[in-house]
Structure formats: structure tokens, C-alpha cells
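**Student:** What follows is a protein structure lacking sequence information:
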């Protein structure tokens, strides 16, 4: 009987289940979007119970589409939108509030309060590898405990649990209120602002600063081991759940960036560049994050430098859903190809402030350089170019931190099918851009982590052998043109600063 590994990819806009064969090929997939909830400007939420329902539906759907049953699946991996934070009741399984999404900026005052305790934005950076920012989970937990009636009292009594979406799914799949496993892995824990990067354990002093009871926090286990078996009725019952990786680390793993100096860029709701730094923690001096890349079983953790960009693919969605300029996301390339350049127009999508390398919560989006000459095609091109420019900024920072200039860039995610964007990315970086055969490497990475834990794959060499190039784009822009347009972009970015004041 042929065996397979399943991966649940719980993303920012949708949840899907993908089934993979031993050679890393997609056997079947099912996917379902969930609602994006915007209660106020800067607030972004998800209904966690909707996500759990969708997860059950897509796992059943993926098996049905592949004409498979539970006995065909040897293990399940979970990958997830990181930093999106949920608090729920351990006895009922009911969330006390919607999940607060990683893009949400409501915790800016909590971050400012913590900065004022001393050390500023870098107060916890030596321990966690992260700046104080609205991006991370810890301040979101604090907001829920401070603002939901009775939540703090219930948390201090030991009745509430916290988790990013990996923990929420694992807990439900393994029994929920009836013995559900409350666990996360180091890649997710390292995104909370609460984990010590060196010990891979929760830091009691930081939790105390944020007024978060340690009893809420999940146990931190490795990224590749058996956590428990599926206990809920329906698809995959009895199958071991054996891998957890935050989405960007999962993509790094799926791209086989398993050696020091290898990097990838994922083009999704946001963009995330990760550079494998091996067992060494590299402290960034240029606005990047130091994070856990993965930890396989009992092996030492592998670390990474990360450049996190909040808005890339979601800018195309905004053009579609909020402005109605396009009917489908792929139309953006059609319009952008009607013009030769951006017509002097630059779009800085600081909808959630600016992440790496700036970390400016006070920034907001801006379109600059508008003239009567600019048309729909120029705007479409400016939207695509914003993704490439932002990626250049974090890769420049990465080159400075590592001291080793990037020679090529592996890319993956939904936007890499846009060949105009891929060519412009190569042009603005001045290095080749390489797309793999399996572009959706996030789910693949989670599958690899689970498969390694149960012996489906023997080791990392199997993963390297499975990786294959689909297409490569070489830079074609001359140096003077590259640096001129990039300088204009940098000027445009400065126009977004200081838009939000303390009074706002």
C-alpha cells in the first residue's frame, strides 16, 4: 500500500489540507477561505471556531479528492499563521475573544508602556531576538486579559489557555476539553516575545512584565515529534500529529534551505525572507529578527535571521476587494504589463505600520508621485513593485548582518506565479530568482517535519533530493536604473512616517 503525509496549512486568509507523496509531490489539496474581521481601523481578527470548522472540512476534502482514507496517511504536520493569538477556556473549548491577527496594531500602547519600563524597543531583544512591536503574540494576550470581562481572573485561576493557531488546532484535534494536547513548537514560541531563544523555554520575568500567567502558555516541544493522535470523529482519526512549524519556517524547510547561508522569500499575505544561520544566533544590527528556524527531535535548534514584511499579497487583495480595480488577483499582472514602468508612481502599503527593517507602528500607507500621466496600469505596476522593493530592503539588511551577500534567492508562495513580479524582483536585487517545482512549500515543510518524525523520510538528504527548480529569472536592469528607482522608493517610504500620533 502506498503511504502519504498530510499537512494542514492554516494561513491568514484560508485553511487547506495538502497530501504529499514520498517524492514531495502534491497528491491532493482542499482549501477554504475564512472571514477577515476589521472591527476598527488597525484591528484585524479571525473567528477561531470558523477556522476549526474549515480545518475539519478541508482534511475530509483532501482525502476525498485523492480517493484516500485514514489508513493511507502515516502522519500529519501543522503549519500556521504565526503571532495570531487566541485565548480560550480549557473546560469548554470556547474562545473568550476572536483571534487577534498578526497584522493587528491595537497593542501599540501596551508596547509603549513596556518600552517605558526601560530599554526602549529593544528591551527584550537580547533574550527573545525580537523588538517590542504590535506584531507579536505577548502584547495581544495582555490586551485580551485587560479588555475582556473576567478574562484576567479566569486566567489567574488557571481556566484559560493561550495558543497561536497551531496550538488551537492541535488541542482540538487531540481531544479538546477531553484531554487535548496543549503544545507548541519553538518556531511559534519564538514569535510570542515570551520565549528565551537560548533555552527554548518561557521567560518568567517577561511574562510577569506583560502580566501573563505562565499557566496559560503551552508546553514547548520540538518541531518534529509525535505530539498525539487525532481523536475527533471524521477524517484522519487515529493518525499521529508529528510536526509543527510556523508558516515561514515551514517554507524554509520545504525549500530545503537546510545549510548555513541558504535563504528563501515567501510571497503570501505578507513577505518573509529567512536566512539559515545554523546553530548560531545572529543578533541583527539592521532591523531584522533573530528567530528559531526549526528543531528536529533531540537535535540542537537551528536559527535564522528574518525580514518580515506586513503587506504584499494582501495589497493585491485590497485593490480587488476594497477598490474593485480588479476582479481577480491574477488580473494585476495583465494591467501592469500594459505599461513599461510605474510612471513615477510608488505605493508604500504601510497598512499595519512598517515591519522590517523600520519597525514603525506610526506609519500608514501612501501613494506618491501621482501625476495626470498615471493610469490604472501604472498603479497596478506600483502595487507589484512594492513587494519587490520591500524585499530588497530586508535583503540589504540581511546582507549587512550576515556579511555574506546573497548570490541567488529561492522564492515560493502564491505570488510567484506572477512572472512580471519575479523578473522585477531579480532586476531590483541584481541576483537570480529561482522558483521551485512545488511553489507551495509551506505545507510541504510541515509535511517533511511530520514525516521525519515517523521515519517516512530518513533525513534531510531526502528533502534536498526532492527539491527541484522550475524556473529562474536573471536580472536585466542596468545598475544606474536599479539604484535610481530604488532611491525613489526609499524617499517614498519616508513619506509614511509619523502619520499616527499618540492621540490617535
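**Tutor:** The structure has been received and is ready for your questions. Here the structure is a predicted model, which is why all the values come from computation and not from measurement. Numbering: from 1, shown residues only.
**Student:** if I pick residue 179, what's in contact with it?
**Tutor:** Residues near residue 179 by Cβ atoms under 8 Å, 6 or more residues apart in numbering: residue 231. Any C-beta I mention is one placed from the backbone N, CA and C, and that applies to glycine too.
**Student:** For my notes, confirm it occurs in a helix.
**Tutor:** No: Residue 179 sits outside any helix when classified using DSSP: H, G, I helix; E, B strand; the rest coil, being coil.
**Student:** So residue 387 is in contact with residue 415, correct?
**Tutor:** Yes: assessed by Cβ atoms under 8 Å, residue 387 is found in contact with residue 415 at 6.8 Å.
**Student:** Need the residues touching each of those two.
**Tutor:** 267, 312, 313, 421.
**Student:** Residue 324: helix or strand, and which one exactly?
**Tutor:** Element membership for residue 324, per DSSP states H and E: none, as it lies in no helix or strand.
**Student:** residues near it, how many?
**Tutor:** 8 (other Cβ atoms under 10 Å).
**Student:** can you check residue 38 too?
**Tutor:** 12.
**Student:** residue contacts, the residue lying closest to it once chain neighbours are set aside?
**Tutor:** Once flanking residues are discounted, residue 38 sits nearest to residue 44: 6.2 Å by Cβ to Cβ, 6 or more residues apart in numbering. Applying Cβ under 8 Å, 6+ apart to residue 44 gives the contacts 36, 37, 38, 100, 101, 103, 104, 352.
**Student:** how about 6 Å then?
**Tutor:** 101, 103, 104 (Cβ atoms under 6 Å, 6 or more residues apart in numbering).
**Student:** And residue 321, how far from residue 308?
**Tutor:** From residue 321 across to residue 308, the span is 23 Å (Cβ to Cβ, to the nearest Å).
**Student:** between those two, who's got more neighbours?
**Tutor:** Just comparing residue 321 and residue 308: by other Cβ under 10 Å the higher neighbour count belongs to residue 308, 26 against 12.
**Student:** didn't that one look like it was pressed against residue 356?
**Tutor:** Yes: when contacts are counted by Cβ atoms under 6 Å, residue 308 is listed as touching residue 356 (5.1 Å).
**Student:** where does the stretch 101-250 of the chain have low pLDDT?
**Tutor:** Within the stretch 101-250 of the chain, no stretch falls below the threshold (pLDDT under 70).
**Student:** What segments of it are helices?
**Tutor:** Ranges of helices within the stretch 101-250 of the chain are 108-115, 125-128, 137-147, 151-156, 165-173, 186-189, 204-209, 247-254, based on DSSP state H, counting those that start in this stretch.
**Student:** Which of the ones you listed sits closest to residue 497?
**Tutor:** Closest to residue 497 of the helices of the stretch 101-250 of the chain is helix 108-115 (Cβ to Cβ; 14.7 Å).
**Student:** Show residues contacting the closest one.
**Tutor:** 121, 132, 134, 139, 142, 361.
**Student:** Repeat that for stretch 345-352.
**Tutor:** Residues contacting stretch 345-352 (Cβ under 6 Å, 6+ apart): 103, 105, 310-311, 315, 363-369, 374, 378, 382-383, 386, 489, 492-493, 496.
**Student:** Could you pull up the mean pLDDT of it?
**Tutor:** Averaging pLDDT along stretch 345-352 gives 92.
**Student:** can you give me the end-to-end distance of it?
**Tutor:** Its start and end residues considered, stretch 345-352 measures 21 Å (Cα to Cα, to the nearest Å).
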